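J.: How does the following fold in three dimensions:
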Amino acid sequence: MAKSYLKDVYDGGTNDSRELYASWAATYDKEVQKNGYVTPERVANALRDVVTDQSDFILDYGCGTGLSGSALQAVGFENIDGLDVSQEMVNLAEKKSIYKNLRVFDPSSKIPVHPDQYKIITAIGVIGAGAAPLQIFDSLFALLPPNGLFAFSFNDHTLSDPNYEKKVKQCLNSGNASILHKSYGNHLPKANLKSNIYILKKL
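T.: Residues are numbered from 1 along each chain as shown. Sure, this is the predicted structure:
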């Protein structure tokens, strides 16, 4: 029987998230899809509704095995680049022929993206418990040009820490962004988990 990694992710079962995702890569798609993983589709649909040009280049940050990119592609986005910290995950994403460019980087180094390079950046199921730290929010938002869009999600485990919602409110209250979409809905319904999805527009 294949090992289940979901509990490890949310319980902090390892100090090295890259090590965990490397081990999980081979069974990741099967495990999350078995639990009804729908956050990528929710974000993709919301983004489609607010984007006027679906040929704009998107950075799918934390693309993993490509489930998020696949959801974006399914609703008509044509130019998607992927970036992740796990070589094992990216090896699987490459086989899906979703991304124009696909890169692996060391999370202890600067994100290898030029400011204003992408009009849209997504971080779907990426920031929060068991994954990327909260400071990634600021790093990604800073890379956007004026009127650029940041689409991301926080699951229930992440939302239990008030600092995550506080970060969004601070960004809005500072006048740096407006909110185009926010909704609470299914994340991994068979694991009884939901998530907030957000789309912010940089001002």
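J.: what's the distance between stretch 156-163 and the middle of its chain?
T.: Stretch 156-163 has its C-alpha centroid displaced from the chain centroid by 16 Å (Cα atoms, centre = their mean, to the nearest Å).
J.: For it, buried residues please.
T.: Going by neighbour count (16 or more other Cβ atoms under 10 Å), the buried part of stretch 156-163 is D156, H157, T158, L159. Heads up, the C-betas are built off the backbone N, CA and C, glycines and all.
J.: Could I get the full set of strands for this structure?
T.: Here the chain has its strands, by DSSP state E, at 58-61, 80-84, 101-104, 120-123, 149-155, 177-188, 193-202.
J.: Packing partners of the third one?
T.: What that stands for is strand 101-104. Packing contacts for strand 101-104, counted by 3 or more Cβ pairs under 8 Å, 6 or more residues apart in numbering; DSSP states H and E, involve strand 80-84, helix 87-94.
J.: Low-confidence regions, the protein specifically.
T.: Residue ranges of the chain with pLDDT under 70: 1-18, 20-21.
J.: Mind doing that once more with 80?
T.: Within the chain, the stretches with pLDDT under 80 are 1-26, 28-29, 129-130.
J.: re earlier: quick one: which of the buried residues of stretch 156-163 is nearest G82?
T.: Closest approach to G82 among these (Cβ to Cβ): T158, at 21.8 Å.
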